[in-house]
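*Asks:* predicted model and sequence below, questions to follow.
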Amino acid sequence: MADVRPLTPGDLDPVGAALGRAFADDPVMTYLTPKLSDDARGRKLARFFRAEAKQRARSAGVWTASANEGAAVWAPPGRWRTTVRDGLGLALPILRAAGPRAIASLGVLARMEKVHPVEPHWYLAILGTDPVHQGKGIGAALLAPVLERCDTEGVPAYLESSKAANVPYYERFGWRVTSELVLPKGGPTLYLMWRDPR
């Protein structure tokens with residue numbers, strides 16, 4: 001299994017870039033930036049993921065692989081909601097990534113927050129591995145520290161999967177689909193997944 005560690009400030013740029021590449025073909029990101037190529041989308045998303053990782057790292061919720069091949073971005077119980085401060089910090093990266101679809105991007109985030117569970121849980125906001133490193137167990141290693149904590153402390157975990165193909169992957173770790181959120185105007189489906197502690 002890959003070596004993982006908490007994110008440090010020096011990891012922000014390479015982690016942002018790795019996550020940008022990981023999500024370049026993501027259905028939600030493609031829906032929000034339909035006119036960009038995967039390469040261009042990945043570069044623009046890197047800024048957003050860097051900002052998101054920086055914010056979540058303040059609550060000790062970001063783990064990276066030893067060479068920044070990917071990251072797991074978590075929010076601890078009671079800290080998943082986007083604060084005004086965090087929203088302002090993400091506004092420019094969202095605008096740069098989504099351009100004219102920035103308002104739609106904010107609408108997606110609002111829809112996700114509206115259906116987010118209120119029961120205390122760890123929230124897996126982002127899990128991604130650079131495509132050239134996928135299939136090497138990095139994602140499992142990135143999940144392990146917080147899932148072990150969930151199980152030790154008896155706390156559930158929650159995520160939204162934006163790819164149907166990823167649902168079986170998360171099911172291996174104990175998540176199950178509890179409902180679906182279909183985005184408007186022909187948008188993709190998000191699979192809302194809950195994991196009880198083991």
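*Replies:* That came through fine. These figures come from a predicted structure and were not determined experimentally. Residues are numbered from 1 along each chain as shown.

*Asks:* does the most centrally placed residue in the chain sit in a helix, a strand or a coil?
*Replies:* The C-alpha lying nearest the average C-alpha coordinate of the chain belongs to Ile126 (CA atoms, centre = their mean; 1.4 Å). Under DSSP: H, G, I helix; E, B strand; the rest coil, Ile126 falls in the strand class.

*Asks:* quick one, what contacts Gly42?
*Replies:* Gly42 makes contact with Ala17, Gly20, Arg21, Phe23, Ala24 under the criterion CB atoms under 8 Å, 6 or more residues apart in numbering. Glycine gets a C-beta too; all of them are placed from N, C-alpha and C.

*Asks:* find the nearest non-adjacent residue to it, please.
*Replies:* Counting by CB to CB, 6 or more residues apart in numbering, Ala24 is the residue found nearest to Gly42 once chain neighbours are left out, at 3.6 Å.

*Asks:* same thing with Phe23?
*Replies:* Closest residue in space to Phe23, ignoring its immediate chain neighbours: Met29 at 5.2 Å, by CB to CB, 6+ apart.

*Asks:* on contacts alone, who are the packing partners of the strand or helix carrying that neighbour?
*Replies:* Here Met29 sits within helix 27-32, counting by DSSP states H and E. Helices and strands in packing contact with helix 27-32 are listed as helix 38-57, helix 102-114; criterion 3 or more CB pairs under 8 Å, 6 or more residues apart in numbering; DSSP states H and E.

*Asks:* pipe those helices into JSON lines and attach distance to Arg172 and mean pLDDT per row.
*Replies:* Below are the helices and strands packed on helix 27-32 laid out as JSON lines (distance: least, CB to CB, whole Å; pLDDT from 0 to 100):
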{"stretch": "helix 38-57", "distance to Arg172": "24", "mean pLDDT": "89"}
{"stretch": "helix 102-114", "distance to Arg172": "23", "mean pLDDT": "77"}
